[in-house]
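Student: my questions concern the predicted model and sequence given below.
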Amino acid sequence: MSENALDGFKIVQVKFKEENKHCHQIFFKAHNVRVLEPSKPSDRTLFCANIPPWMDKDAVKRIFMVNGVVEAVYLEFEPSVGAPTPPSNPFFPTPSDPYSTGNGFKFAYVVFERASSIRNSMTLMDLDKVHVVSSKERPVVTGVKKWIKQYNNKVVNVKELLADVQEHMADFDRLTAVAKEAEEAMNEADDEGWVTVTKSSKIQAGKAKKAAEKEKEEIEVRGKKNRRKKRKVVELKNFYSHQMKSEKIQQIQTLRAKFEEDKLKIAKMKADRKFRFKLPAARPSIHTATSTQAHVPSPCRPYLRHGMRTPA
């Protein structure tokens, strides 16, 4: 090919092995963006697209190192203007690591030491040359050999793992101490008595307030849900004066109707009232006995006492 260009991109040909017949195309151009990133300076960075899954950052570096000394190569799944994605920890690998092979097509950012390397890549690079990624000197492990390598990498050295963890914790403690010192310096008053209020101080104040109200909120969660439901039902009820007036009239009519129903109910109960027993007849008292009863012989007096007839 005498001319390999497409919409500002230059095209370089690569293939996996020497015996492969078909080539793969990688598109590259100068990295020009408005957002400035120190790790990817626009005057020394080359943006590459359509990186095949079987290429790693070393293979990308070997292709473009003919144009100048390569400082770093960053791989991404999507174009990014921010800080590059760091490689995953070898002891704790992640499946979404862009620096591992076999997980999809990627984008690459090639950072050179000098800005002249970008001009060499865009003007002097031989685009007709076909670059071979996997060779006998630098083989790319794929297939079963790759799986065996991944399995063997899972068996880690305990001492190396412990050293890595201690190094990570030391870096974490150092960064935490630096951040704390910077925050304390910001909270100190200057010569004129002014204190700088930062976003972190506001966030801490908000967190303290939320922590103080957390218990109360947990207790009232169910009550709040019920109140929200009630608010949805009675939303904008009796908002206007005519609505309030009609509501009062309706309440008075309801009370009157209920009063009339209660009156009819009470009258019916009075009409239907029936006694299930009769009052007993008045019995003659012993003290009010007649003259004939006074001369009754003594054996008959028990019968008179109980209001019974005397035997003949």
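Tutor: Done, it's in. These numbers come from a predicted model, not from an experiment. Numbers count the residues shown, from 1 in each chain.

Student: C-alpha from now on. contacts and neighbour counts both.
Tutor: Fine.

Student: can you map out the helices along the chain?
Tutor: Secondary structure of the chain (DSSP state H): helices located at 57-64, 116-119, 143-153, 158-187, 199-219, 221-233, 241-271, 291-294, 301-305.

Student: just say which of these is most tucked in.
Tutor: Among the helices of the chain, helix 116-119 has the highest mean neighbour count (mean count of other C-alpha atoms under 10 Å), at a mean of 19.

Student: tell me the mean pLDDT over that one?
Tutor: Along helix 116-119, the predicted local confidence has a mean pLDDT of 91.

Student: got TSV for the helices of the chain, with distance to D7 too?
Tutor: Shown next, in TSV, are the helices of the chain (distance: least, C-alpha to C-alpha, whole Å):
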stretch	distance to D7
helix 57-64	20
helix 116-119	17
helix 143-153	36
helix 158-187	44
helix 199-219	44
helix 221-233	57
helix 241-271	69
helix 291-294	144
helix 301-305	135
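
Student: any weak-confidence spans in the chain?
Tutor: Along the chain, segments meeting pLDDT under 70 span 1-5, 190, 197-209, 212, 215, 219-238, 274-312.

Student: switch the cut-off to 50
Tutor: With pLDDT under 50 as the threshold, the chain has low-confidence stretches at 1-2, 275-277, 288-296, 300, 303-304, 310, 312.

Student: one step back: and of the helices of the chain, who's closest to D43?
Tutor: Closest approach to D43 among the helices of the chain is made by helix 116-119 (7.5 Å; C-alpha to C-alpha).

Student: tell me how far that closest one lies from the chain's centre.
Tutor: 46 Å (C-alpha atoms, centre = their mean, to the nearest Å).

Student: contacts for it?
Tutor: By C-alpha atoms under 8 Å, 6 or more residues apart in numbering, the surrounding residues in contact with helix 116-119 are A30, D43, R44, T45, L46, N67, G68, V69, F112.

Student: hang on, the earlier thing: which one of the helices of the chain lies closest to F107?
Tutor: That would be, of the helices of the chain and by C-alpha to C-alpha, helix 57-64, which comes in at 10.5 Å.

Student: got the contact list for that closest one?
Tutor: Outside of helix 57-64, the residues that reach it under the criterion C-alpha under 8 Å, 6+ apart are V70, V73, Y74, L75, Y99, V110, S121, H131, V133.

Student: residues touching the closest residue to the fourth one other than its chain neighbours, list them.
Tutor: Nearest residue to L75, sequence neighbours excluded (C-alpha to C-alpha, 6 or more residues apart in numbering): A108, at 4.5 Å. Applying C-alpha under 8 Å, 6+ apart, we find A108 in contact with F47, C48, A49, I51, V73, Y74, L75, E76.

Student: redo that, cut-off 10 Å
Tutor: Contacts of A108 were listed using C-alpha atoms under 10 Å, 6 or more residues apart in numbering, and they are 28, 45-51, 56-57, 60, 73-80, 98.

Student: try L124
Tutor: Taking C-alpha under 10 Å, 6+ apart as the criterion, L124 is in contact with N67, S117, I118.

Student: relative to G68, how far out is it?
Tutor: As judged by C-alpha to C-alpha, to the nearest Å, L124 and G68 stand 11 Å apart.

Student: now do K146
Tutor: According to C-alpha to C-alpha, K146 stands 31 Å off from G68.

Student: do M55 as well
Tutor: Taking C-alpha to C-alpha as the measure, M55 and G68 are separated by 20 Å.

Student: same deal with H168?
Tutor: 34 Å.

Student: before we move on, back to that, what's the farthest-apart pair in the contacts of helix 57-64?
Tutor: Within those, two members stand farthest from each other by C-alpha to C-alpha: Y99 and S121, at 23.1 Å.
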